[in-house]
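# pasting a predicted model and its sequence here:
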Amino acid sequence: MKADPDGTLRQLAAIGYREVELFETPKAPREFRKRVEDAGLTCVSGHFELKELKDPATIAAAQELGLKYMILVFPSLPSHPELTLATAEFKDLVPFYEKISLSDYQWNAEQLNQCAANLKRHGIRAGYHNHAIDFKRFGDALGFDALIQNTDPKLVCFEMDCGHVIHAGHDPIAYLKKYPTRIELLHLKDLVPGFHISTTLDTEDKDTNAEIGSGSIDWEELFETAKHGNVKHYFVEHEGKMAHPPLEALRISYNYLQRLQVP
């Protein structure tokens, strides 16, 4: 993407993908939207940190991009609001996030509700993307469940990252059944069998991602479950170590998904 954004976008469209999701806000959002659309793609959503969900300039950029969703990428720490991906290396965030508490998740839920009410006025839906850390247990409660249960379903949806769910030792299919109306977006991500269970923030650095169809998740059952829920968008996500180069891996995943038969 950095070397040849237009060519890369065209290659994604040639494989068969039709929607994309952003991790960073481009400096020229209107120009980037045109590039995406010229390639035959649509930019549906993007990942943001909490302060960005509150920033009028970032919201305006999201509107210029034509985003339907602004997704909170991971929880903020109310005790350390200065710690963000923009101010710290990812590895430096890990020890702080190991101390995250249930009250931190409840605070994030309140923040999400407030941001979502404002975003709704701008025609954008707010969501939350889980990491493995969100499955830390606090007595009988899990962070991810606390977020779902303490956010307004009319305002806040969820983007479930299937790879992070299994990395934390949980079942994405069970979550689709448990919260059928709350999960509106899915990250289709899988891991090579034999991965270790972890709820740290840096799990993606520790195991090997698998192309869709060659990992640990029963995708046929997952899609069968999802079609009875409220999922509207599916994004293939590959991060960390892979067996094939990125575009080849994305083609393998797409071809598997095209062959998959769900009754």
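That came through, no problem. Numbers count the residues shown, from 1 in each chain.
# A helix includes Ile71, no?
No: assessed with DSSP: H, G, I helix; E, B strand; the rest coil, Ile71 is strand; it does not lie in a helix.
# in the sheet, who's paired with it?
His47, Gly127 (DSSP bridges).
# so how far is Asp134 from it?
Look at Ile71 and Asp134: by Cβ to Cβ, to the nearest Å, they are 13 Å apart. Placement of C-beta: from N, CA and C, glycine included.
# for Asp4, same thing?
Distance from Asp4 to Asp134, by Cβ to Cβ: 35 Å.
# the two: which is more packed in?
For Asp4 and Asp134, the more surrounded residue by other Cβ atoms under 10 Å is Asp134, and the numbers stand at 26 against 10.
# surely that one forms part of a helix?
Yes: per three-state DSSP, Asp134 lies within a helix segment.
# quick check, pLDDT for it.
Listed pLDDT for Asp134 reads 97.
# just the helices in the stretch 1-150 of the chain please.
5-15, 29-38, 50-53, 56-65, 90-97, 102-121, 143-149 (DSSP state H, counting those that start in this stretch).
# how far out from the middle of the chain is the shortest one?
When you say that, I think you mean helix 50-53. Averaging C-alpha positions (Cα atoms, centre = their mean, to the nearest Å) puts helix 50-53 15 Å from its chain's average.
# put the alpha carbons of that helix into PDB.
Provided in PDB are the C-alpha atoms of helix 50-53 (Å, rounded to 0.1, in the frame of the first residue of the first chain):
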ATOM      1  CA  LEU A  50     -11.200   6.900  21.800                       C
ATOM      2  CA  LYS A  51      -9.900  10.500  21.500                       C
ATOM      3  CA  GLU A  52     -10.400  10.300  17.700                       C
ATOM      4  CA  LEU A  53     -14.100   9.300  18.200                       C
END
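# would you mark the buried spots in that helix?
The neighbour-count check on helix 50-53 (16 or more other Cβ atoms under 10 Å) flags 50, 52-53 as buried.
# how about the last one?
Of the residues in helix 143-149, those with enough neighbours to count as buried (16+ other Cβ under 10 Å) are 143-148.
# what residue ranges in the stretch 101-250 of the chain are flagged as low confidence?
Across the stretch 101-250 of the chain, the ranges flagged by pLDDT under 70 are 204.
# go with 80
By pLDDT under 80, the low-scoring segments of the stretch 101-250 of the chain are 202-206.
# pull the contacting residues for Glu211.
The neighbourhood of Glu211, defined by Cβ atoms under 8 Å, 6 or more residues apart in numbering, consists of 190, 238, 242-244, 249, 252-253, 256.
# who wins on neighbours among these?
Neighbour max across the contacts of Glu211 (other Cβ under 10 Å) = Ser253, 25 neighbours.
# what sits against the nearest residue to that residue once chain neighbours are set aside?
Once flanking residues are discounted, Ser253 sits nearest to Ile212: 3.8 Å by Cβ to Cβ, 6 or more residues apart in numbering. Shown in contact with Ile212 (Cβ under 8 Å, 6+ apart): 188, 190, 219, 236, 252-253, 256-257.
# state the pLDDT value of Pro263.
On the pLDDT scale, Pro263 gets 68.
# and His197, how many neighbours?
Not quite, residue 197 is Ile, not His. Neighbour number of Ile197 under other Cβ under 10 Å is 12.
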